[in-house]
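could you look at this predicted model? Sequence included:
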Amino acid sequence: MAFVQIIEFRTSNIEPTRQINDQWRQATEGKRTVRRELPARDRSDPSRYFAIAFFDSNEPATENTSLPETKAAAALHMQTSEGPPVFYNLDILEDRSQATGGGVRDRCHCSSSGPGNTVNGSGACPVRHRKEHDMGDYAMRLNLPPPGRSAAPQVRPI
């Protein structure tokens with residue numbers, strides 16, 4: 001199942017954070033397991049930032065966190081941030097990425113279909129439990145937890 005980690009942090013000067021990240025990328029070349037990184041800033045609060053990291057699953061994310069270079073970078077980030085970071089560890093259930101040509105690619109990321117699964121490009125889940133996914137989407141629109149999940153979010157580092 002695809003996995004995303006979002007790290008929320010605050011800083012009044014993002015440049016030291018960028019330098020730490022650049023050094024980390026150089027030091028972990030060929031070792032890191034992160035597939036994509038997106039740094040972002042909150043438009044309504046310019047001191048609030050997010051680091052969004054994409055992984056194939058939770059296991060590679062755990063491997064990445066265990067790298068000595070990652071631990072060293074995290075210690076440096078603590079020195080440049082204003083307060084402790086907040087971690088959001090998310091299993092991706094579906095990927096509705098915009099496809100070229102304006103269409104939408106639906107992908108099921110449930111445990112039975114495997115990461116990024118599509119069936120004939122339709123995005124249909126091979127075990128036919130689409131109703132469960134639809135209920136999860138409905139629950140999200142109502143700001144409720146999906147079926148089988150607790151209401152309390154997990155906010156912990158991996």
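Yep, it's here.

mind checking pLDDT for the closest residue to residue 8 other than its chain neighbours?
Nearest residue to residue 8 in three dimensions, chain neighbours excluded: residue 86, at 4.3 Å (Cβ to Cβ, 6 or more residues apart in numbering). Backbone N, C-alpha and C define where each C-beta goes, glycine included. Here the pLDDT value assigned to residue 86 is 96.

ok, residue 51 to residue 94 distance?
Distance from residue 51 to residue 94, counting by Cβ to Cβ, to the nearest Å: 23 Å.

same check on residue 2?
Relative to residue 94, and taking Cβ to Cβ, residue 2 is found at 10 Å.

what helix or strand is residue 53 on?
Taking DSSP states H and E as the criterion, residue 53 maps to strand 48-55.

tell me which residues in that strand are buried?
49-53, 55 (16 or more other Cβ atoms under 10 Å).

any idea which helix or strand comes after it?
With DSSP H and E, the next secondary element past strand 48-55 is helix 58-66.

I'd like the next helix or strand past that next one.
By DSSP H and E, the next helix or strand past helix 58-66 is helix 68-80.

now do that following helix, average pLDDT.
Mean predicted lDDT for helix 68-80 stands at 95.

that one vs strand 48-55, what angle?
Here the directions of helix 68-80 and strand 48-55 differ by 170 degrees (axes from the mean of the first three to the mean of the last three Cα atoms, to 10 degrees).
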